[in-house]
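Asks: Model the following, please.
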Amino acid sequence: MKNQLTLRHLLLLSLVALTLLACGLFTDEVAEQPPEDEAVTGGAVLGDVVTAEGVGSGNTPIGVTDRFDASNDVIYVVAEAEFIPAGTTLFARWLRDGEPFEDSTAITADRDYENTYVEFHLESLSGRMDEGEYSVQLFVNGNPVRTVEFTVE
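Replies: Residues are numbered from 1 along each chain as shown. This is a model prediction of the structure:
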């Protein structure tokens, strides 16, 4: 009888522990992006990276979204740049359904930049984007550092 009681207690404690673990895994909180490794980025520090329908003054993103209509002519990816040291090279790799199909022209910082935005864009030459699941991967000094996903419908 004592063994059955102990076994019940162990099973109950295990169930409680699993429930608490599951609650911690399935919260609605958004995980923060890990900080960039300085050896990889050469000291560049990026903040939020978003896709948008346009850019405004200073490349500020306008119409931030992760869903685009196929009739959009241009889709932008905009990175908030907390700091980009002179000589840092950045480019964007665009992927559709998991397959890379275009790399943007690389840009190299001609001086140190602080608290600004960097944008890259995908332009449809046919006037219509192909529908599908997309992602865009940002590279700093040849190393992938951030990926943003979006859909074209």
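Asks: Return the backbone torsion pair for Asp112.
Replies: phi -70, psi 140 (degrees, to the nearest 10).
Asks: export stretch 133-143 as CSV, just CAs?
Replies: Output of stretch 133-143 as CSV, limited to C-alpha atoms (Å, rounded to 0.1, in the frame of the first residue of the first chain):
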residue,chain,number,x,y,z
GLU,A,133,6.1,31.6,-49.0
TYR,A,134,9.1,33.9,-49.0
SER,A,135,12.0,34.7,-46.7
VAL,A,136,14.8,37.2,-46.9
GLN,A,137,18.1,36.6,-45.2
LEU,A,138,20.4,39.6,-44.3
PHE,A,139,24.1,39.1,-44.5
VAL,A,140,26.7,41.1,-42.7
ASN,A,141,30.3,40.7,-43.9
GLY,A,142,29.3,37.6,-45.8
ASN,A,143,27.6,36.0,-42.8
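Asks: Now it: buried residues?
Replies: Tyr134, Ser135, Val136, Gln137, Leu138, Phe139, Val140, Asn141 (16 or more other C-beta atoms under 10 Å). C-betas here are computed from N, CA, C, even on glycine.
Asks: in the chain, which spans are strands?
Replies: 45-55, 61-64, 67-68, 74-84, 89-96, 99-103, 107-108, 113-123, 132-140, 143-152 (DSSP state E).
Asks: Of those strands, flag the one that's most buried.
Replies: Each of those was scored by mean neighbour count; the highest is strand 74-84, a mean of 21, by mean count of other C-beta atoms under 10 Å.
Asks: hang on, the earlier thing: output the strands of the chain in CSV; the columns should cover mean pLDDT.
Replies: Output for those, formatted as CSV (pLDDT from 0 to 100):
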stretch, mean pLDDT
strand 45-55, 97
strand 61-64, 98
strand 67-68, 98
strand 74-84, 97
strand 89-96, 98
strand 99-103, 97
strand 107-108, 98
strand 113-123, 97
strand 132-140, 97
strand 143-152, 97
